[in-house]
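Q: Sequence first, predicted coordinates after that:
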Amino acid sequence: MPVFQIEGLTKRFGRRIAVDGLSFDVRAGEIVGLLGPNGAGKSTTFLCAAGLLRPDAGSFRWEGAELGGKRGQTVALIPETPDVYPMLTVWEHLEFVAKSCRLNDGWQERGADLLQRFGMGDRLTALGADLSKGMRQKTLVAATVIASMPVLLFDEPTIGLDPLGQRELRAIMRDLAAAGTAIILSTHMLEQARDLCDRIVILKEGKMAAQGTLSELQSQFSGHENIEELFLELTR
C-alpha cells in the first residue's frame with residue numbers, strides 16, 4: 001500500500017503552469033525516480049511536497065491522512081543546490097538538526113558514520129563557508145538522514161559529488177529503503193535511475209508522461225531497448 005501520495009498537484013508561476021494536475025504515490029521501502037527534461041516540473045514538485053512552496057491545487061497524504069502544512073514533520077528535501085550555514089561547522093549542522101528534531105542519543109554515532117563513509121571524518125570542524133559544493137552536499141545528506149524522516153526527496157543529489165560520494169550515497173539510499181523509508185529521486189543520470197529505482201515517473205511540461213517499472217514501460221512502449229531511448233521518446 002502507498003504511504004505517501006501526491007494528488008492533483010498544480011503550481012503556476014504567472015501564466016506558466018509548472019506542474020499540472022500531477023498525481024502519484026510511493027510505498028514504504030520504495031525508491032521512485034522522478035525523471036524529466038529541464039523545466040518539466042521536478043524541482044517545483046519537490047518544493048511543494050516539502051512545504052517550501054505553496055501549491056495552487058492538490059494535496060499530500062501520509063498513510064491516508066492529509067498532511068496540510070505540517071509536511072516538514074514527515075517529508076525532508078535534499079535540494080539540488082546545497083546551501084549550508086557559512087559560520088557553522090560540519091558537525092554543528094548535524095547538531096542543529098538533532099536539536100531541532102529533538103533526537104534522542106544515538107544520532108551522534110550515526111552522523112559520525114555517515115560523514116566517515118563520505119570521506120569527511122577529518123572535516124568535522126570545517127566551516128560551511130570553507131566547504132566545496134560536494135562537501136556541502138555530503139553535509140546536508142548526513143544532517144537530513146539522521147533526522148529519520150519517513151519520506152525523503154533527493155533532487156539531483158549526486159551533482160558535484162566525487163566517485164566515493166556517489167557510491168556511498170547510492171548505498172545509503174538503498175539502506176534507507178531497506179529500513180522502510182519512502183524515497184523519491186530526481187535525476188538526469190538515467191543509468192542511476194535504472195539501477196536504483198523500483199518505479200519511474202516521467203514528467204513532460206508539468207504533466208505525467210508515463211509511470212511504472214522499467215520493464216512495464218518497455219513493454220508498454222515497445223521498441224525501446226534501454227532507458228535512454230525510452231526517456232527520449234516519452235519526452236520528445
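A: It's in. Everything quoted here is computed from the prediction, not taken from an experiment.
Q: State the helix or strand in which the residue positioned nearest the centre of the chain lies.
A: With the centre of the chain defined as its mean C-alpha position, the nearest residue by Cα atoms, centre = their mean is Phe154, 1.7 Å away. Under the criterion of DSSP states H and E, Phe154 resides in strand 151-155.
Q: Pull the residues that contact that strand.
A: Contact partners of strand 151-155, identified using Cβ atoms under 8 Å, 6 or more residues apart in numbering, comprise 3-4, 26, 42-43, 46, 49-50, 62, 74-80, 144-145, 173, 176, 181-187. The C-beta positions use only the backbone N, C-alpha and C, and glycine is treated the same way.
Q: Among these, which ones are in helices?
A: Lys42, Ser43, Phe46, Ala49, Thr144, Val145, Met173, Leu176 (DSSP state H).
Q: Val32 is in contact with Asp198, correct?
A: Yes. Here Asp198 reaches Val32: they are 6.8 Å apart, a contact under Cβ atoms under 8 Å.
Q: Pick out whichever of these two has more residues nearby.
A: Set side by side, Asp198 and Val32 show more neighbours around Val32, with 21 against 15, by other Cβ atoms under 10 Å.
Q: Could you measure from that one over to Ala112?
A: 30 Å (Cβ to Cβ, to the nearest Å).
Q: now the angle from the helix or strand in which Gly21 is found to helix 42-49?
A: Using DSSP H and E, Gly21 sits within strand 16-27. If you take axes from the mean of the first three to the mean of the last three Cα atoms, to 10 degrees, strand 16-27 sits at 70 degrees to helix 42-49.
Q: could I have strand 16-27 exported to PDB, CA atoms only?
A: What follows is strand 16-27, C-alpha atoms only, in PDB (Å, rounded to 0.1, in the frame of the first residue of the first chain):
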ATOM      1  CA  ARG A  16       3.100  29.400 -16.900                       C
ATOM      2  CA  ILE A  17       1.900  26.100 -15.400                       C
ATOM      3  CA  ALA A  18       5.000  24.400 -13.900                       C
ATOM      4  CA  VAL A  19       3.100  21.400 -12.600                       C
ATOM      5  CA  ASP A  20      -0.300  20.400 -14.000                       C
ATOM      6  CA  GLY A  21      -2.500  18.000 -12.000                       C
ATOM      7  CA  LEU A  22       0.300  15.600 -11.100                       C
ATOM      8  CA  SER A  23      -0.700  12.500  -9.000                       C
ATOM      9  CA  PHE A  24       1.500   9.600  -8.000                       C
ATOM     10  CA  ASP A  25       2.400   7.700  -4.800                       C
ATOM     11  CA  VAL A  26       5.300   6.000  -3.000                       C
ATOM     12  CA  ARG A  27       5.300   2.900  -0.900                       C
END
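Q: Can you spell out which helices and strands pack onto it?
A: strand 2-13, helix 42-49, strand 57-62, strand 182-186, strand 207-212 (3 or more Cβ pairs under 8 Å, 6 or more residues apart in numbering; DSSP states H and E).
Q: what are the pairing partners of that strand, and which direction each?
A: As defined by DSSP bridges, the strand partners of strand 16-27 come to strand 2-13 (antiparallel).
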